[in-house]
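>>> fold the following for me, if possible:
(2 chains)
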Amino acid sequence: MWLTHVVLCQGLDDGPDFLSEEDRGPRAVNVDLQTDATLQVDISDALSERDKVKFTVHTKSTLPNFKQNEFSVVRQHEEFIWLHDSFVENEEYAGYIIPPAPPRPDFDASREKLQKLGEGEGSMTKEEFTKMKQELEAEYLAIFKKTVAMHEVFLCRVAAHPVLRKDLNFHVFLEYNQDLSVRGKNKREKMEDFFKNVVKSADGVLVAGVKDVDDFFEHEKTFLLEYHNRVKDASAKSDRMIRSHKSAADDINRIASTLYTLGTQDSTDVCKFFLKVSELFEKTRKIEARVAADEDLKLADLLKYYLRESQAAKDLLYRRGRALVDYENANKALDRARAKNKDVLQAETSQQVCCQKFEKISESAKQELIDFKTRRVAAFRKNLVELAELELKHAKGNLQLLQSCLGVLKGDT
Amino acid sequence: MAAEMEPPPLGDAGQTDFREIEDGEGFFVSTVTTLESPEPSSPDPPSMPAEGISTNGPKQEDISLDDDPEDLFAEATEEVSLDSPEREPILSDGPSPAITPVTPTAMLTPRMGLGTAEMFERSLDEIEEDDSGDTFDMHIAVSDPEKVGDGMNAYMGYKVTTKTSMTIFSKNETTVRRRFSDFLGLHSKLASRYLHIGYIVPPAPEKSIVGMTKVKVGKEDLSSAEFVEKRRSALERYLMRTVKHPILLKDPDVMMFLESSELPRAVSTQALSGAGILRMVNKAADAVNKMTIKMNESDAWFEEKHQQFENLDLQLRKLHASVECLVCHRKELSVNTASFAKSAAMLGNSEDHTALSRALSQLAEVEEKIDQLHQDQAYADFYLFSELLGDYVRLITAVKGVFDHRMKTWSKWQDTQLLLQKKREAESKLQFANKPDKLQQAQDEIKEEIEELEGKVQQGEKDFELISKTIRKEVSRFEKERVKDFKVVIIKYLESLVQTQQQLIKYWEAFLPEAKAIA
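Residues are numbered from 1 along each chain as shown, chains lettered A, B, ... in the order given. A predicted model of the protein is given here:
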């Protein structure tokens, strides 16, 4: 029913200008990444079909692993999830913050609204219908752009990570131009996942209770726990705030329409006023909608992203904590074995393995968490600055419209 | 017959010729059977009884929008609350007022609210002073709401200050205390005197059970403070509109209202008084009448104007509903922004990078200021825009009422003519009566009746022409006022929007360097 073809390459964007200029191109919205000529990944195109979105993943690389220097494949959301899960399940990567998986493209709400609009077509005037249709289409487009951006961020994070970028599955994902035949999880697997998560959370609580000898990690644990909760709260509240903003903009739209009708009907002097103000409100409403959209992009999305990243960081700490517990248990087992003088070699090997695992994780985890902080600070800085600049731009635009209209109206009286 | 049905209104200065006698010859009253109606009456001038009745503003609009013209009883009845708190005082001598000063409105109405509401109204008068060639120079302020009495017998007293240089008033400045039912009483008198001869009498503010009960019960929270402020502002606008009308201004009741220190209690505004019930009956009769009168409109002007007002009514109601939505969403936005600000502050606290932490706290502060801004804007939306629209929706109902009265006047005239015709026919039939002794007496009787009716027909025609002329003048005056009001308000409203944007710019400009300073 809705086929939207969006081209996201620089300058070829023909949709309404919802993302500001800074957002176009391979630089992901929320993460400040160094561009690296050896491997550059972006989503150059996307197609929305009835129930799925097809992303065109475009890679430029000078690495010898790839057959060509530049190539593209088409991927769907499930394939991204498959890639993410393969990272999570890989023991080798236990010591890294796994870039959070992009959320599933969700156009249900938007589709529902469009459908309702179609049903209610008879009850409104042609202008109102066209206007609302345009708005809903714009909303659909905005959601679409966002989901593309989030999938792109995921890939860019992987490409920027010194270890993950070398992952074989990642290369297959980028290069293999056939369908990866990754089916979504069936019911049984989903149930398994569910139980795994339950066990993991319970375990997580146990593990978190173990006091860490290392100050750095102890501090990080406390910090991340609190930070994660606060980001969650801020993200929810910012969503609510932005929704109210959108509602208010919608109201102004309706007011503008009615004023227009009043203006055309009125035979007195004041009709000019009505028409002028109706025109004004049409314009200011668009600006208000942009303000809400920009706040959504710069603030709400930022918070949502760091909600997911802080969860990934927490997961890393959990894995390390688990490894620590295993290590301590292995130590105890070794002591017991030595005391009984039974299976000592086995216990020793086991203890060695645990120790190595723990130390490996600890080392990389420390760096990961430091990087996480750097990335976070940079992302917040970028987005807060851009937010403030956009708010200023829109407020000035609004002000100018209002003042010019006032000038005309005052001159007329 | 008319005299029997209508008890003399209390406090009336005297029987004038302009009493409401719409049910006149009793042609249609008998068709009214029941008084049930689920809908509260639309905001119609013949005001409603005691303060505690009828729903508040926004809900009224919804119901009026659904008003089916086919619904005979839409305008006919009012909800009657048996808990009408002012029933008792009819018997007793009025409560000995233990005046409980309510916390002054200036403190309760958040920041901009009160000041701005008054400011807006004052400017309306200033424009009036500037352009008219006549000597209209008057300013009325309603202020200092104070709760008098306790419990369910309590009421809100308002101070009414009149400042004027006009000579018809005895003093340059007068201050009196009035309560809500006094305003309703004034309106009721003016309506009964002037509406049916074609003058557009501004409708009084609406009653509200919920609002007043909260105040009576002593709930001093934000919503009851807002209610009091809304009412105070509405009363002020009502008085100003009334005195701007050159005829109403000179009405003795208006002068008495503004000047005399004691005013007899307007108990006829209550639901269960005789007058109240009669009003309900009349309203039902009117509704039926409207359905059955088919007027031959010989004057295209009236046809056109009637249609114009219908259209205007529809659009204004729509606009009013949208603006009320906007007010609601802006208030919501303000609340949500405040809550986000707190959340951002918490986030800033837990952030362990110092510069970012500081920037987040700054963001929280900016958002807090912005939430205040949104709230102030919502007040402007309401007091400037929404209330003006509400007033005009009610005013247009009054205008439509006046048109209806003209129709009724015409109808009465026509009916009298029909009756005359019938009597003339009866007279000629008498010639063929076969009781010669009674013939002369019957003929004399009929001759008398015919003469009387001829007089009435002449009067009817004169009345009709007079009301038509009055309405033309009134409509043109109304339109002038409307244009002025809207122009002034629109400009004031846009100025409020300008101010909001300027403040926004200031706040974000202050924040930007903070954000850039994150290292």
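>>> for chain A, what's the nearest residue on the stretch 151-300 of chain B?
residue B:300 (14.5 Å; CB to the nearest CB). Backbone N, C-alpha and C define where each C-beta goes, glycine included.
>>> tell me how far that residue lies from residue A:65.
Distance, residue B:300 to residue A:65, using CB to CB, to the nearest Å: 88 Å.
>>> one more: residue A:266?
Relative to residue A:65, and taking CB to CB, residue A:266 is found at 72 Å.
>>> okay, those two: which has more neighbours?
residue A:266 (22 against 11; other CB atoms under 10 Å in any protein chain shown).
>>> so that one touches residue A:274, yeah?
Yes - with contact defined as CB atoms under 8 Å, residue A:266 counts as touching residue A:274 (6.3 Å).
>>> overlap in contacts of those two?
Counting by CB atoms under 8 Å, 6 or more residues apart in numbering or on different chains, residue A:266 and residue A:274 have no common neighbour.
>>> average pLDDT across the longest helix belonging to chain B?
Counting residues, the longest helix found in chain B (DSSP state H) is helix B:436-516. In this model, helix B:436-516 has a mean pLDDT of 90.
>>> check whether it contacts chain A.
Yes - against chain A, helix B:436-516 shows contacts by CB under 8 Å from any CB of the partner chain at B:479, B:482-483, B:486-487, B:490-491, B:494-495, B:497-498, B:501-502, B:504-505, B:508-509, B:511-512, B:515-516.
>>> among those, which ones are buried?
Buried members of the residues of helix B:436-516 next to chain A, scored by 16 or more other CB atoms under 10 Å in any protein chain shown, are B:479, B:482-483, B:486-487, B:490-491, B:494-495, B:497-498, B:501, B:504-505, B:508, B:511-512, B:515.
>>> quick one, the helix or strand encompassing residue A:411 and helix B:436-516 angle?
Assigned by DSSP states H and E, residue A:411 belongs to helix A:344-412. With axes from the mean of the first three to the mean of the last three CA atoms, to 10 degrees defining the directions, helix A:344-412 sits at 130 degrees from helix B:436-516.
>>> give me the pLDDT value at residue B:124.
On pLDDT, residue B:124 comes in at 45.
>>> let me see the ranges of the helices in the stretch 251-400 of chain B.
Ranges of helices in the stretch 251-400 of chain B, per DSSP state H, counting those that start in this stretch, are B:252-259, B:274-292, B:300-350, B:354-380, B:387-430.
>>> SS state for residue A:46?
At residue A:46, secondary structure determined by DSSP: H, G, I helix; E, B strand; the rest coil is strand.
>>> do I have it right that it meets residue A:57?
No - using CB under 8 Å as the test, residue A:46 is too far from residue A:57 to be in contact (10.0 Å).
>>> what sits in contact with each of these two?
With CB under 8 Å, 6+ apart, residue A:46 and residue A:57 have no common neighbours.
>>> how far away from the center of its chain is stretch A:298-310?
7 Å (CA atoms, centre = their mean, to the nearest Å).
>>> show me which residues of the stretch 301-413 of chain A sit near chain B.
A:373, A:376-377, A:380-381, A:384-385, A:387-389, A:391-392, A:395-396, A:398-399, A:402-403, A:405-406, A:409-410, A:413.
>>> of those, grab the buried ones for PyMOL.
Per 16+ other CB under 10 Å, the buried members of those correspond to this PyMOL selection:
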select buried, chain A and resi 373+376+377+380+381+384+385+387+388+389+391+392+395+396+398+399+402+403+405+406+409
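>>> can you count the residues close to residue 336?
No chain was given, so I picked chain A. 13.
>>> oops, chain B please
Here the count is done by other CB under 10 Å, and residue B:336 has 22 residues near it.
>>> least confident of the helices of the stretch 251-400 of chain B, on average?
helix B:274-292 (a mean of 70).
>>> low-confidence ranges, the stretch 151-300 of chain B, go.
Applying pLDDT under 70 to the stretch 151-300 of chain B flags the ranges B:218-220, B:266-276, B:279, B:289-293.
>>> I'd say residue B:241 and residue B:202 touch.
Yes - applying CB under 8 Å, one finds residue B:241 in contact with residue B:202, separated by 4.1 Å.
>>> ok, those two, which is more surrounded?
residue B:202 (24 against 19).
>>> so the more buried one is in which element?
Per DSSP H and E, residue B:202 falls between elements, in no helix or strand.
>>> how close does the closest residue to residue A:204 other than its chain neighbours get to residue A:229?
Of all residues not flanking residue A:204 in the chain, residue A:318 sits nearest, at 5.0 Å (CB to CB, 6 or more residues apart in numbering or on different chains). For residue A:318, the distance to residue A:229 equals 16 Å [CB to CB].
>>> these two: which has the busier surroundings?
Neighbour comparison, residue A:318 and residue A:229: the larger count goes to residue A:318, with 18 against 15 (by other CB under 10 Å).
>>> got a list of what that one touches?
Residue A:318 neighbours (CB under 8 Å, 6+ apart): A:200, A:203, A:204, A:207, A:208.
>>> in helices only, show me these.
Of the contacts of residue A:318, the ones assigned to helices by DSSP H are A:200, A:203, A:204, A:207, A:208.
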